[in-house]
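Undergrad: Here is my input, please return the structure:
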Amino acid sequence: MRVSTPLPQARERLRAPWRSLRQRRWLWVALGLALLAAAGAWWYTTRRSTASTTTSFARVTQGTMTIGVSGSGAVAAARTVELPFQQAGTITSVDVAVGQQVSAGQALATIDAGDLQLALEQAQANLKAAQAKLAQTKDGTTTPADIANAKAALASAEAQLQQTKTGSATAADISSAKAALASAQAKLDALKNPDAATLQAAQSKVDQAQTSLQSTRDSASQAKTNAQIQLQNAVNSLTQAQSKYSTALQNWQYVQSTGNDPVQPTKTNSQGKAVPNKLNDAQARQYSDTFVQAQSALDSAQNSVQQAQVAYDAARQKEVSDIAQAEAALNDAQATVAALKNPTRSDLTQAQAAVTQAQASLTKLTQGGTAADIAQSQAGVTQAQSNLDKLTAPATDADVTAAEA
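TA: Residues are numbered from 1 along each chain as shown. Okay, the predicted model is just below:
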């Protein structure tokens, strides 16, 4: 008798042995991995302890122990001393070397003694001069020339004092002072009351300046007009020369390109047909010469225009400058007339001051100096007398003491 089993149950029965086998396999794999991990840990620990721990053995003996110490540093002196020169100067030699032992009084370096030698010589010269002055003070050795100069200075001071007191001027000085006063007074009078002749002469200059101004304007204007006409003529000539040059150039170029006559390019032959009117060498040369002449005439016309332009510009500038000069001359003449008729207060003040100054100079020459002038001249006489007395009198104890110092 056959018993049928359902399909799911049959599949489960078939899977059960395989599932048990798979589970056992995974268990063995896990157990193997655990053993490998334990063996690796044991190997690592054993190797580490073996590498870090080293044991050695030695026999105990007796001996000498040596210990060495090393280091670095700089050697410095226990005491240093700076030895500067007492005077500034140029070092000429260094007489010792670095590290050399020296003794007291030994020269270490030398400086240039030129300035010190010069100062010594100057001091010696001053000493000699002072000694000479001391000897002169003690002995009173005054030269005759010194005394003569002192006497002459005293005489001059006394003469100046006398002249200041009495006003003893020469006739020429007084005459010159009077002339200066008369001239200053005449200028002042001319400003206050000009005479008819002076006014007429000044007005005549004004009339002449006006006539000259008008003449200058006419002549300068005419010169400018003539220069302008010359410039226009030069421009017209240039225009004609340009026209002739253009025609000659076209004709010559036509002759060079065709060989025909530019005025009559064709002619009729014996059969009555129109044929080119060829030029021979002589005829072609005529057109060439005409072109060269036209070019030369054009250059000449251009130069003429430039010269005419320069002349016209000069004429215009001359007109301006000449008229300005003529107007300035007229203004000066008119100002002179106005000053004569109505002098300014400044002119009157200056003229009056000149008269006052001239009068004071004349008075000083004829009446002598003021009290201040006399006192100043008297001081000059006193000083000159003191200088003379000092030269002739013997030296005092104070003078000798000062000279000795």
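Undergrad: Can you show me the strands along the stretch 151-300 of the chain?
TA: 266-268, 274-276 (DSSP state E, counting those that start in this stretch).
Undergrad: what would the ones you listed look like in CSV with mean pLDDT, distance to A159 and mean neighbour count?
TA: Placement of C-beta: from N, CA and C, glycine included. Shown next, in CSV, are these (pLDDT from 0 to 100; distance: least, Cβ to Cβ, whole Å; neighbours: other Cβ atoms under 10 Å):
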stretch, mean pLDDT, distance to A159, mean neighbour count
strand 266-268, 87, 123, 12
strand 274-276, 88, 122, 11
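Undergrad: domains of this structure?
TA: 195-268+275-342, 347-376 (the TED database).
Undergrad: you'd agree N251 is up against P262?
TA: Yes - at 4.3 Å, N251 and P262 qualify as touching, with contact defined as Cβ atoms under 8 Å.
Undergrad: Those two: which is more packed in?
TA: N251 (19 against 16; other Cβ atoms under 10 Å).
Undergrad: where in the stretch 301-405 of the chain is pLDDT low?
TA: Within the stretch 301-405 of the chain, the ranges that satisfy pLDDT under 70 run 365-370, 388, 391-400.
Undergrad: Same check on the chain?
TA: 1-27, 29, 44-55, 134, 136-143, 161-171, 191, 365-370, 388, 391-400.
Undergrad: tell me, which helix in it spans the most residues?
TA: Longest helix of the chain, by residue count under DSSP state H: helix 196-258.
Undergrad: just to revisit the earlier point, quickly list what's touching both of N251 and P262.
TA: Common contact partners of N251 and P262 (Cβ atoms under 8 Å, 6 or more residues apart in numbering): Y287.
Undergrad: V75 falls within a strand, correct?
TA: No - going by DSSP: H, G, I helix; E, B strand; the rest coil, the assignment for V75 is coil, not a strand.
Undergrad: What's the local residue count around it?
TA: Neighbours around V75, by other Cβ under 10 Å: 4.
Undergrad: Tell me the spacing between it and A182.
TA: Noted for V75: a distance of 105 Å to A182, by Cβ to Cβ, to the nearest Å.
Undergrad: For this structure, which segments count as helices?
TA: 7-52, 114-139, 144-166, 171-192, 196-258, 281-341, 345-367, 371-392, 397-404.
Undergrad: hang on, the earlier thing: looking at the domains of the chain, which is closest to E82?
TA: Among the domains of the chain, the nearest to E82 by Cβ to Cβ is domain 347-376 (63.9 Å).
Undergrad: Check the offset of that closest one from the chain's centre.
TA: 51 Å (Cα atoms, centre = their mean, to the nearest Å).
Undergrad: residues in contact with the nearest residue to Y312 once chain neighbours are set aside?
TA: Distances taken as Cβ to Cβ, 6 or more residues apart in numbering place A227 nearest to Y312, at 4.2 Å, with adjacent residues excluded. Listed by Cβ under 8 Å, 6+ apart, the contact partners of A227 are 308, 311-312, 314-316.
Undergrad: run the last query once more with 6 Å
TA: 311-312, 315 (Cβ atoms under 6 Å, 6 or more residues apart in numbering).
Undergrad: Please produce TSV containing those residues, extended by neighbour count.
TA: Formatted as TSV, those follow (neighbours: other Cβ atoms under 10 Å):
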residue	neighbour count
A311	18
Y312	21
A315	20
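Undergrad: right, so of the helices of the chain, which gets closest to G63?
TA: Closest among the helices of the chain, using Cβ to Cβ: helix 7-52, at 30.8 Å.
Undergrad: what about A202, how many residues close to it?
TA: 19.
Undergrad: Quick check: it touching V337?
TA: Yes - with contacts counted by Cβ atoms under 6 Å, A202 reaches V337, the gap being 4.6 Å.
Undergrad: ok, and the closest non-adjacent residue to T247?
TA: According to Cβ to Cβ, 6+ apart, the nearest residue to T247 is A294 (7.6 Å).
Undergrad: surely the one you found meets Y245?
TA: Yes - at 4.2 Å, A294 and Y245 qualify as touching, with contact defined as Cβ under 6 Å.
Undergrad: can you count the residues close to S219?
TA: 13.
Undergrad: Distance check, it against Y312.
TA: For S219, the distance to Y312 - Cβ to Cβ - is 16 Å.
Undergrad: Likewise for N251?
TA: Applying Cβ to Cβ to N251 and Y312 gives a distance of 35 Å.
Undergrad: Over to V75?
TA: 101 Å.
Undergrad: swap in L36?
TA: 126 Å.
Undergrad: Likewise for S304?
TA: Applying Cβ to Cβ to S304 and Y312 gives a distance of 12 Å.
Undergrad: again with A351
TA: Taken as Cβ to Cβ, the span from A351 to Y312 is 51 Å.
Undergrad: same check, this time on N331
TA: 29 Å.
Undergrad: Could you do V60 as well?
TA: V60 is 136 Å from Y312, by Cβ to Cβ.
Undergrad: W43 now?
TA: Note on W43: its distance to Y312, by Cβ to Cβ, is 126 Å.
Undergrad: just V206 next, same as before
TA: For V206, the distance to Y312 - Cβ to Cβ - is 34 Å.
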